[in-house]
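Chemist: Structural data only, the sequence is not supplied:
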């Protein structure tokens, strides 16, 4: 990643924070974006001069534009966008959730992915290439009780990945998704507390560490992942884990 710049949304914790550290360790510049800056400021300070932090609510297009502009002003461009910001709360049956709460999940998990693509694609096309990776989920293809907003948003984001690949591959853009499975992050604590559906019944030891998907994201920026363009790569597949070096 030497000389390349990566923008990571949802970078304050979990997969996003781990990805910032992994990409910086690989020699890249990283811009960490999250709604509140206390955590990302600390991570950026830890990484050093090759990192920047910016307050960014991905449900607001102007915030996402500002994050992309920071990539340009601080490091001269944008090579990789990781659309990682996502929420699942409140978990509950769709006939009990408020329209505002249900819509907020769509605004972040689906519209936020679109906003990132919309802001990044023109810049990447002008530069002759780039990589866009969206953090996907098995919920994109499986209906789960209490997760109607999450499943719908992830299914939409997976289709956005396919559309963006179809429209931009010829321009040199690589667009793909990562479905990491269940990861030991704060979201899993929220799921556990809900007591709804089989995922809440999993033991903490069943979840993979956050650095596994972070390392997978780094690998996905290489030509070795080109056969998966326009698709979601699943870390549940043992052959994929071996290929990345996670086993």
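Modeler: Nice, I can see it. The model shown is predicted, which means the values in this text are computed figures rather than measured ones.

Chemist: When you work out contacts or count neighbours from here on, use the C-alpha atoms and nothing else.
Modeler: Fine.

Chemist: what's the helix or strand where residue 101 lies in contact with?
Modeler: Here residue 101 is covered by helix 99-106, with elements defined by DSSP states H and E. By Cα atoms under 8 Å, 6 or more residues apart in numbering, the list of residues contacting helix 99-106 from outside reads 86, 87, 88, 89, 90, 94, 149, 150, 152, 153.

Chemist: give me that answer again for 6 Å
Modeler: Outside helix 99-106, the residues that touch it by Cα atoms under 6 Å, 6 or more residues apart in numbering are 149, 153.

Chemist: Show me which residues of the next helix or strand after that helix are buried.
Modeler: Per DSSP H and E, the first helix or strand lying C-terminal to helix 99-106 is helix 112-127. Within helix 112-127, the residues that qualify as buried by neighbour count (16 or more other Cα atoms under 10 Å) are 112, 113, 114, 115, 116, 117, 119, 120, 121, 123, 124, 125.

Chemist: can you redo the residues you listed as TSV with distance to residue 161 and pLDDT?
Modeler: Written out in TSV, the entries for the buried residues of helix 112-127 read as follows (distance: Cα to Cα, whole Å; pLDDT from 0 to 100):
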residue	distance to residue 161	pLDDT
112	13	98
113	9	98
114	9	98
115	13	98
116	12	98
117	9	98
119	15	98
120	14	98
121	12	98
123	18	97
124	16	98
125	16	97
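
Chemist: Going by distance to residue 1, which of the residues you listed wins?
Modeler: The closest of the buried residues of helix 112-127 to residue 1 turns out to be residue 124 (Cα to Cα; 16.0 Å).

Chemist: Run through the residues that contact that closest one.
Modeler: residue 130.

Chemist: before we move on, what about residue 27?
Modeler: Neighbouring residues of residue 27 by Cα under 6 Å, 6+ apart: 1, 2.

Chemist: could you redo the last one with a cut-off of 8 Å?
Modeler: The neighbours of residue 27, taking Cα under 8 Å, 6+ apart as the test, are 1, 2, 3.

Chemist: Just give the nearest non-adjacent residue to residue 119, would you?
Modeler: Counting by Cα to Cα, 6 or more residues apart in numbering, the nearest residue to residue 119 once its immediate chain neighbours are dropped is residue 65, at 5.7 Å.
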